[in-house]
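> turn this into a model:
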Amino acid sequence: MTRHLLKLSDLSAAEAQQIIARAIALKNMRDTSYRPFTGKTLAMIFAKNSTRTRVSFEAGMAKFGGHALFLHSGTTQLGRDEPISDTAKVLSRMVDAIMIRNDSQADQEDLAANSRVPVINGLSELHHPCQLLADMQTWFEHRGNPKGKVAAWIGDGNNVCHSFIEAAVLFDFKLRIATPKGYEADAKIVKAAGAHVEIVHGATFAANGADLIITDTWTSMGQEAETKKRLADFAGYQVDADLMKRAKPDAIFMHCLPAHRGEEVSAEVIDGEQSVIWDEAENRLWAQMALLEFLLGA
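Predicted structure coming up:
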C-alpha cells in the first residue's frame with residue numbers, strides 16, 4: 001500500500017521515532033557514496049513561496065542521487081484549473097514521489113487519493129508535518145527524548161501549532177498553548193490530543209517551567225492584509241528574554257522561520273544561546289531525507 005504523509009498523525013509513534021533516529025544517523029554519517037535514489041524523481045508542487053522546504057527537498061534528493069522537479073502552480077496546468085486528481089494520475093506515472101505546498105489540506109488528500117506514489121505535505125493551511133520532524137530531531141539532539149517534558153507554544157494557533165499538537169501525542173510530551181482570543185488552534189485537533197495539550201491564558205503561564213519555547217510569525221503567507229490588526233492582537237505574546245527566564249534554565253527556543261525580529265520574538269532571544277533555530281532549519285534536510293527513505297522503502 002502506498003504511504004503518504006499529509007499530517008504527522010499518519011505515522012505511528014514507532015514510525016515517527018524510527019524516522020527521527022534515521023535522520024540523526026544520516027546527519028552524522030554524511031555519506032556521499034550512499035545514493036539509494038539514483039534514477040528516482042521527486043515532483044515538488046508549489047502554490048506558495050518557499051525557501052527551506054524547496055531547498056531541503058531538492059538538496060536531499062540530490063544527496064541521494066535522485067532528482068527534484070520544481071513545479072509552480074502558476075506555470076503548470078494546475079494554474080489553468082486542471083483537476084488535482086488528473087494531475088495526480090499523470091504525475092504519479094512519471095515520478096516516484098510528490099511533495100505539495102499549498103493552501104488546501106483537502107486538495108492534498110485528493111492528490112494522494114489519486115496518486116500511485118507517496119504524497120508529502122510540504123505545508124497546508126492545517127498542517128506542516130515536515131517541519132515537526134525537523135523540530136523533533138532538533139529536540140532529541142539537544143536535550144534527548146522529549147517524553148514527559150513540557151513544550152510551550154506561544155502565538156498563533158496555526159498549521160505548525162497543529163502539527164506540534166500531533167507531535168505531543170506521538171512523542172508523549174505535554175504541549176501548553178497560549179494564543180490571543182480569536183487565534184486558537186483547531187478545536188478538533190486539540191480535542192484529539194486529549195491530555196497531551198493544555199490551553200492556557202497568557203504567554204507567561206505557558207512558559208512557566210517549560211523545556212521548550214516555540215513561536216511562529218504572527219502574520220503567515222496570505223495574511224499580509226491583516227498585519228496591522230495582528231500586531232495589535234498579539235501584543236503581550238512576544239518571546240523575549242523575560243519570558244525565557246520563566247522557562248527552565250536549560251530550556252531551548254525554536255522558530256520554523258522566517259522570523260520577524262522585534263515582533264513574535266526579540267532579536268536577543270532568536271540570536272541568543274538558547275536558540276537552536278539554525279540546527280532546526282538544517283534538520284529539515286536530514287528529516288526529509290529520512291522520510292523519503294521511509295516512504296519509498298529505500
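> alpha carbons only for contacts and neighbour counts from here, please
Noted.
> please export the C-alpha coordinates of stretch 273-287 as CSV.
What follows is stretch 273-287, C-alpha atoms only, in CSV (Å, rounded to 0.1, in the frame of the first residue of the first chain):
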residue,chain,number,x,y,z
GLU,A,273,22.5,30.9,23.4
GLN,A,274,19.2,29.1,24.0
SER,A,275,18.1,29.4,20.4
VAL,A,276,18.5,26.3,18.2
ILE,A,277,16.9,27.7,15.1
TRP,A,278,19.9,27.1,12.8
ASP,A,279,20.1,23.4,13.7
GLU,A,280,16.3,23.3,13.4
ALA,A,281,16.5,24.7,9.9
GLU,A,282,19.3,22.4,8.8
ASN,A,283,17.4,19.4,10.1
ARG,A,284,14.7,20.0,7.5
LEU,A,285,17.2,18.4,5.1
TRP,A,286,18.0,15.3,7.2
ALA,A,287,14.5,14.7,8.5
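> contacts for it?
The contact list for stretch 273-287 (C-alpha atoms under 8 Å, 6 or more residues apart in numbering) reads 19-20, 22-24, 26-27, 52-53, 56-57, 59-60, 130-131, 133-135, 137-138, 250-257, 269-270.
> buried set for that stretch?
274, 275, 276, 277, 279, 280, 281, 283, 284, 285, 286, 287 (16 or more other C-alpha atoms under 10 Å).
> and for stretch 31-39?
Within stretch 31-39, the residues that count as buried by 16+ other C-alpha under 10 Å are 36, 37.
> low pLDDT regions in the stretch 101-250 of the chain?
Filtered on pLDDT under 70, the stretch 101-250 of the chain yields the residue ranges 221.
> ok, which stretches of the stretch 1-150 of the chain are helices?
Here the stretch 1-150 of the chain has its helices, by DSSP state H, counting those that start in this stretch, at 13-29, 52-63, 84-91, 105-113, 129-143.
> can you check what angle separates the single longest helix found in the chain from helix 52-63?
Counting by DSSP state H, the longest helix found in the chain is helix 277-296. Calculated by axes from the mean of the first three to the mean of the last three C-alpha atoms, to 10 degrees, helix 277-296 forms an angle of 60 degrees with helix 52-63.
> relative to helix 13-29, how tilted is helix 277-296?
In terms of direction (the same axes, to 10 degrees), helix 277-296 departs from helix 13-29 by 120 degrees.
> run the chain-centre distance for helix 277-296.
With C-alpha atoms, centre = their mean, to the nearest Å as the basis, helix 277-296 stands 10 Å off its chain's centre.
> cool, stretch 69-86 as well?
A distance of 23 Å separates the centroid of the chain from that of stretch 69-86, by C-alpha atoms, centre = their mean.
> ok, and what's touching it?
Residues outside stretch 69-86 that contact it (C-alpha under 8 Å, 6+ apart): 41-47, 58, 87, 107, 110-111, 113-115.
> and that stretch, how far apart are its ends?
For stretch 69-86, the first-to-last residue distance is 18 Å (C-alpha to C-alpha, to the nearest Å).
> and for stretch 148-165?
14 Å.
> and residue 99, what does it touch?
42, 43, 44, 45, 119, 120, 121, 122.
> I'd say residue 199 and residue 178 touch.
Yes - Residue 199 is within contact range of residue 178, at 6.3 Å (criterion: C-alpha atoms under 8 Å).
> settle it for me: which of the two has more neighbours?
More crowded of residue 199 and residue 178, by other C-alpha atoms under 10 Å: residue 178, with 26 against 16.
> which strand residues bridge that one?
Counting by DSSP bridges, residue 178 forms beta bridges with residue 154.
> residues in contact with the residue most central in space within the chain?
Residue closest to the average C-alpha location in the chain (C-alpha atoms, centre = their mean): residue 131, at 2.0 Å. Applying C-alpha under 8 Å, 6+ apart to residue 131 gives the contacts 160, 256, 284.
> in CSV: those, plus distance to residue 33.
Output for these, formatted as CSV (distance: C-alpha to C-alpha, whole Å):
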residue, distance to residue 33
160, 34
256, 30
284, 21
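> for stretch 2-11, measure first residue to last.
13 Å.
> how far off centre is that stretch?
With C-alpha atoms, centre = their mean, you get 13 Å for stretch 2-11.
> any buried residues in that stretch, and which?
3, 4, 5, 6, 7, 8, 9, 11.
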